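Asks: pasting the sequence and the predicted model now:
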Amino acid sequence: MPTTHDPLLDVRTCEQARLSRDARFDGLFFTAVTSTRIYCRPVCPAPSPKPENIRYYASAAAAEAAGFRPCLRCRPELAPGNDAWQRGDHVIARTLKLMDSGVFDELSAEAMAERVGVGARQLRRLFVERLGAPPISVHTTRRLLFAKQLLTETTLPVTEVALASGFRSLRRFHAAFLQANRVPPRELRRHPTATNGDALTLRLGFRPPYDFPAILAFLRGRALPGVEAVDEHSYSRVFGPADAPGWLRLSAWPGDVHALQLQLHCPQPAQMLGVVTKLRRMFDLDANPQSIGEALKQSTVLRPMLRKRPGLRLPGGWDGFEIAVRAILGQQVSVAAARTLATRIVQRFGTPVTSPVAGLERLFPGPEALVDVDLREVGLTTARAATVRGVAQALLDGRIDFRSEQPLDEFVERWVELPGIGEWTAHYMAMRALSHPDAFPAADLILRRAAAGDGPELSTKALTSLAEAWRPWRAYAVMHLWRSTSDTGSAAAKKVA
């Protein structure tokens, strides 16, 4: 009989998902085969092995730590992440966010553990218990799987693949890759996917159902001309530095594939993993709609909304300061009005790039560009102009930040200390900039009306109380409630920032 090395994995569920190749479980566990020493995704099309040869692992890192190598057919590097450990304020989630932010390599084990509020030994124990491998092994496996994708899908030189996947030493990259895959990196260069000019094409997997049109619709109404472009089928953006800009386009992968297609031009290979990680967060590709739906469908308010849009996700933002400015501009005004003001700021203070692409020609200004300017000249009120400048100064001073690993309550508490920043703005920023699944701007008028159904508008206190049952997925409830007003054609929906 199959066995599991993780007490949190249910063997029967894993068996059913593997035998039916259920894509809803892709990335939630991995199947290892003792006779071949290979591990696979539950959707692997290979013939089923003998049951007595099967082992289940909670993570790719755990499978590799046990001596298994990734399957070349189903390609574990394409599996979506497991948001059971990537979301919220749990110690493991906060550590994984540190890995995503790119500062993991700069921290000692002790410093990393201190950032998430535990000791180094306790952090290692938690990772081994829950993910089957210590933090450094999880981090290395994630980088190696990204390298494997680049080697398989692109024509990037091996040296650039090493840099793009976070390795500073080519020798260390070769050694780590050989140990994990039993073949040197060049062995995977036989059939690379063709490039689109000087752009790479990468596959970004997700767990179905996934409502990509809904995310595009949300972003389209807020798109800033010159910085980003959103149509019914894709999202495009230019990103820095201004003297060597990159650009990207994200669209649905052709055919019946649970993935998005990323076309990426990234002049600096070391930026590449960060860009892909940011896009996975921004488009919420690692969410598990099954677990979110199970929690929220208990609500009579949300149940019909979940039935209508089971794949609704949480749209994030590209940059924290950009989202902060947008949130301030959106206080008590319509989306269109906030977008108009943000566009003026971009055109007046944004940085032109040296090589525009398809109308993408500017970078959103950073805090250093707005800290001392008079924003009233582009139409901001005196109070809002002062709030933007105050936020810019606080970021430059280090009093506030967008560190992804900080707990929600700590983030909100620090931000509301700034003049002009209230609970609504802080929670909205946590939703969009941190992609925090439990952020909840309870004072939002549209939420209070939508959650009331046909009854009288709820108070902020009443909505906060009602939403306690929606934890830790309150941000997804926000998206369903906002979307419900759009679906009914409510004029109030145009007020959602």
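Replies: Yes, it's here. Note that the structure is a prediction, hence the values are computed from the model and not measured.
Asks: which stretch of helix or strand covers residue 238?
Replies: strand 234-239 (DSSP states H and E).
Asks: what pairs with the helix or strand following that strand, parallel or antiparallel?
Replies: Sequence order places strand 246-252 as the next helix or strand after strand 234-239, per DSSP H and E. Pairing partners of strand 246-252, with direction, according to DSSP bridges: strand 234-239 (antiparallel), strand 259-265 (antiparallel).
Asks: can you give me how far strand 246-252 is from the chain middle?
Replies: 15 Å (C-alpha atoms, centre = their mean, to the nearest Å).
Asks: in that strand, what's buried?
Replies: Of all the residues in strand 246-252, those buried under the rule 16 or more other C-beta atoms under 10 Å are 246-251. To be clear about C-beta, it is placed using only N, CA and C from the backbone, and glycine gets the same treatment.
Asks: stretch 261-269 too?
Replies: The neighbour-count check on stretch 261-269 (16+ other C-beta under 10 Å) flags 261-266, 269 as buried.
Asks: looking at the residues you listed, which is nearest residue 317?
Replies: Of all the buried residues of stretch 261-269, the one with the least separation from residue 317 (C-beta to C-beta) is residue 262, at 17.5 Å.
Asks: if the closest one is in a bridge, with which residues?
Replies: Beta-bridge partners, per DSSP bridges, of residue 262: residue 202, residue 250.
Asks: surely it meets residue 202?
Replies: Yes: with contact defined as C-beta atoms under 8 Å, residue 262 counts as touching residue 202 (4.6 Å).
Asks: overlap in contacts of those two?
Replies: Residues touching both residue 262 and residue 202 (C-beta atoms under 8 Å, 6 or more residues apart in numbering): residue 276.
Asks: how far off centre is the top helix by length along the chain?
Replies: Counting residues, the longest helix found in the chain (DSSP state H) is helix 135-153. Centre-to-centre, helix 135-153 and its host chain are 17 Å apart (C-alpha atoms, centre = their mean).
Asks: same question, stretch 344-360
Replies: That offset, for stretch 344-360, works out to 25 Å (C-alpha atoms, centre = their mean).
Asks: out of the buried residues of stretch 261-269, which is nearest to residue 464?
Replies: Among the buried residues of stretch 261-269, and counting by C-beta to C-beta, the member closest to residue 464 is residue 262, at 38.1 Å.
Asks: excluding sequence neighbours, find me the nearest residue to residue 376.
Replies: residue 385 (5.2 Å; C-beta to C-beta, 6 or more residues apart in numbering).
Asks: residue 118 now?
Replies: residue 91 (5.6 Å).
Asks: how much space between the one you found and residue 474?
Replies: 21 Å (C-beta to C-beta, to the nearest Å).
Asks: neighbour count for these two, which is higher?
Replies: residue 474 (24 against 18; other C-beta atoms under 10 Å).
Asks: how about the contacts made by that one?
Replies: 437-440, 467.
Asks: most surrounded residue in these?
Replies: Going by other C-beta under 10 Å, residue 440 tops the contacts of residue 474 with 27 neighbours.
Asks: angles on the backbone of that one, please.
Replies: Note on residue 440: backbone dihedrals following degrees, to the nearest 10 are phi -150, psi 100.
Asks: and the pLDDT at it?
Replies: Per-residue pLDDT puts residue 440 at 98.
Asks: so it sits against residue 475, correct?
Replies: Yes: here residue 440 lies in contact with residue 475, judged by C-beta under 8 Å, at a distance of 6.6 Å.
Asks: name the element the residue nearest to residue 412 when sequence neighbours are not counted belongs to?
Replies: Distances taken as C-beta to C-beta, 6+ apart place residue 426 nearest to residue 412, at 4.4 Å, with adjacent residues excluded. According to DSSP H and E, residue 426 maps onto helix 423-432.
Asks: other SSEs contacting the helix or strand that that helix is followed by?
Replies: As assigned by DSSP H and E, the chain's next helix or strand after helix 423-432 is helix 445-452. Packing partners of helix 445-452 (3 or more C-beta pairs under 8 Å, 6 or more residues apart in numbering; DSSP states H and E): helix 460-467, helix 474-487.
Asks: and the first one, what does it pack onto?
Replies: When contacts are defined as 3+ C-beta pairs under 8 Å, 6+ apart, helix 460-467 sits against helix 445-452.
Asks: if we go to 10 Å?
Replies: helix 423-432, helix 445-452, helix 474-487 (3 or more C-beta pairs under 10 Å, 6 or more residues apart in numbering; DSSP states H and E).
Asks: list the buried residues in that helix.
Replies: Quick answer for helix 460-467 (16+ other C-beta under 10 Å): 460, 463, 466-467.
Asks: relative to residue 340, which of those is nearest.
Replies: residue 460 (28.2 Å).
Asks: do I have it right that the closest one meets residue 422?
Replies: No: if you go by C-beta atoms under 10 Å, residue 460 and residue 422 don't touch, sitting 11.1 Å apart.
Asks: overlap in contacts, the two.
Replies: The contact sets of residue 460 and residue 422 overlap at 441, 443 (C-beta atoms under 10 Å, 6 or more residues apart in numbering).
Asks: what residue is smack in the middle of this structure?
Replies: residue 281 (0.9 Å; C-alpha atoms, centre = their mean).
Asks: that residue reaches residue 402, doesn't it?
Replies: No: at 11.8 Å, residue 281 and residue 402 do not qualify as touching, with contact defined as C-beta under 10 Å.
Asks: and stretch 33-46, how far out from the chain middle?
Replies: 27 Å.
Asks: quick one: buried residues of that stretch?
Replies: Within stretch 33-46, judged by 16+ other C-beta under 10 Å, the buried ones are 33-34, 38-44.
Asks: greatest separation within these: which pair is it?
Replies: 34 and 43 (20.4 Å).
Asks: thinking again about what came up before, residues near the residue nearest to residue 412, how many?
Replies: 24.
Asks: got a list of what residue 227 touches?
Replies: Counted by C-beta under 10 Å, 6+ apart, residue 227 has contacts 236-239, 318-319, 322, 342-343, 346-347, 350, 353, 359-364.
Asks: buried members of those residues into ChimeraX, please.
Replies: Applying 16+ other C-beta under 10 Å to those, the buried members can be selected in ChimeraX as follows:
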select :236,237,238,239,318,319,322,342,343,346,350,353,360,361,362,363,364
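Asks: strands - which of the contacts of residue 227 land there?
Replies: Judged by DSSP state E, strands contain the following of those: 236-239, 353, 360-363.
Asks: could I get those in a markdown table, plus columns for pLDDT?
Replies: Conversion of those to a markdown table gives the following (pLDDT from 0 to 100):
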| residue | pLDDT |
| --- | --- |
| 236 | 98 |
| 237 | 98 |
| 238 | 97 |
| 239 | 96 |
| 353 | 97 |
| 360 | 97 |
| 361 | 97 |
| 362 | 97 |
| 363 | 98 |
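Asks: from the buried residues of stretch 33-46, pick the one nearest residue 150.
Replies: Nearest to residue 150 out of the buried residues of stretch 33-46 is residue 41 (C-beta to C-beta; 18.6 Å).
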